[in-house]
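Q: Sequence plus predicted model, see below.
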Amino acid sequence: MIKDSRRIVLTCHVHPDGDAIGSTLGWWHLLKKLGKDAMVVVPDQLPRSLRFLPGAGEIAVYTRHDPYCTRLVDEADLIICCDFNTASRQDHLAPLIQGADAKKVLVDHHEDPDMDCDITFSFPKMSSTCELVFRLIAALGYFEEVDKDCATSILCGLITDTQNFTVNCPDPEIYEVLMRLLELGADKEKIIQECVKACSYESLRLKSFAISEKMEVFARHRGILISLSKDDLERFHYEKGDTEGLVNMPLDIRGIVFSIFIREDAEQIKISARSKYDFPVSKICSDLFGGGGHIQAAGAEFKGSLEECRRMIIEALPKYDSYLPSHLERIDWRNN
């Protein structure tokens, strides 16, 4: 398909993260080197933490350049969909992508893919879509075409989806992938600084407020729930990306197995969930809100109030106690 195509569009899910942008840009750098007329088209704007990636400035954003993105998709011979398993994960971009005449390929690591594509590469046990992209590039015989910019983009997704190789990476082969990317010049230090460490002054204040004032501990269920309202976000001059990584922070607490973060956006409640020990937060997101994702990293949207969403989660927690590990450290906490 790649050989037979001249114009290729790479696309990903709404609210793109490091794996979504890393996988699309990884393909983009490779395809440009192969002489293809390739473009990345995303549903909405990138967070600030990903704008350092090589080629990020060339990405076409549908919410900002609708006619241009529409023309790119209409003229494409091939569309490669990265890091999402259902059309709804593209929000308002979905009808354009799904209605395109071009052949489509899905490359993803989330569970239960439900996409009408000519080829589907779905590996839920893979650490990230970026790892899958790297393996596909190598299997296609294009490894020698991978340059520093391509390697840096792919490594970004590996680092962000594994929380810097601390979760979702039981397969030792992932460290060989890491080694190969570093040999190709991937800028690991830059990725760590921009995607893992760096944040704005207001972002740090917002996260501190969320942990100290808005975090609820459910020791009996080994879970954490953080909820932020629109008023909370406005108080700290919220910008897109300011809460990136917040959902992971409570997992550092001894004895905590999962963390759920809910945020009140303009038109919906955004739900993000992370876990340890193979606890299925994807099932919680799917059962309660029709969402999903990776078993330990999932999300969803809810059309209702923040308090409704919060109560639904709290009331459902006992249903998932059977998935908890049998032996865990005791949590001493004033709220249970």
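A: Nice, thanks for sending it over. Numbering: from 1, shown residues only.
Q: where exactly do the helices run in the stretch 1-150 of the chain?
A: 18-33, 66-75, 94-98, 129-139, 148-161 (DSSP state H, counting those that start in this stretch).
Q: Columns mean pLDDT on top of the ones you listed, output as TSV?
A: Supplementary listing: the helices of the stretch 1-150 of the chain in TSV, determined by pLDDT from 0 to 100:
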stretch	mean pLDDT
helix 18-33	98
helix 66-75	97
helix 94-98	97
helix 129-139	98
helix 148-161	97
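Q: buried sites along the helix or strand hosting residue 189?
A: Here residue 189 sits within helix 188-191, counting by DSSP states H and E. By 16 or more other CB atoms under 10 Å, the buried positions in helix 188-191 come out as 188, 191. C-betas here are computed from N, CA, C, even on glycine.
Q: so what's residue 310 up against?
A: 225, 227, 262 (CB atoms under 8 Å, 6 or more residues apart in numbering).
Q: The residue lying closest to the last one once chain neighbours are set aside sits in which helix or strand?
A: Counting by CB to CB, 6 or more residues apart in numbering, residue 262 lies nearest to residue 227, which is 4.8 Å off, once chain neighbours are set aside. Using DSSP H and E, residue 227 maps to strand 223-228.
Q: need the helix or strand of the chain with the lowest average pLDDT.
A: strand 292-294 (a mean of 82; mean pLDDT, DSSP states H and E).
Q: Who does that strand pair with, and is each partner parallel or antiparallel?
A: Strand pairing for strand 292-294, determined by DSSP bridges: strand 297-302 (antiparallel).
Q: Now do the next helix or strand after the strand it pairs with and strand 297-302, the angle between them.
A: Following strand 297-302 in sequence order, the next helix or strand is helix 306-316 (DSSP H and E). Interaxial angle, helix 306-316 versus strand 297-302 (axes from the mean of the first three to the mean of the last three CA atoms, to 10 degrees): 130 degrees.
Q: So, low pLDDT: which residues of the stretch 151-300 of the chain?
A: Within the stretch 151-300 of the chain, no range satisfies pLDDT under 70.
Q: for the helices of the stretch 1-150 of the chain, which one sits closest to residue 328?
A: helix 148-161 (24.5 Å; CB to CB).
Q: Next secondary structure element downstream of that closest one?
A: helix 173-183.
Q: looking just at contacts, which helices and strands does the helix holding residue 189 meet?
A: Judged by 3 or more CB pairs under 8 Å, 6 or more residues apart in numbering; DSSP states H and E, helix 188-191 is in contact with helix 148-161.
Q: how far off strand 297-302 does the helix it packs on point, in degrees?
A: Going by the same axes, to 10 degrees, helix 148-161 makes 80 degrees with strand 297-302.
Q: Would you mind listing the buried residues in helix 148-161?
A: Buried, per 16+ other CB under 10 Å, within helix 148-161: 149-161.
Q: Among those residues, which one sits closest to residue 204?
A: For the buried residues of helix 148-161, the nearest to residue 204 is residue 160 (18.6 Å; CB to CB).
Q: Hmm, that closest one is touching residue 20, no?
A: No - shown here, residue 160 and residue 20 do not form a contact pair, counting by CB atoms under 8 Å, at 9.5 Å.
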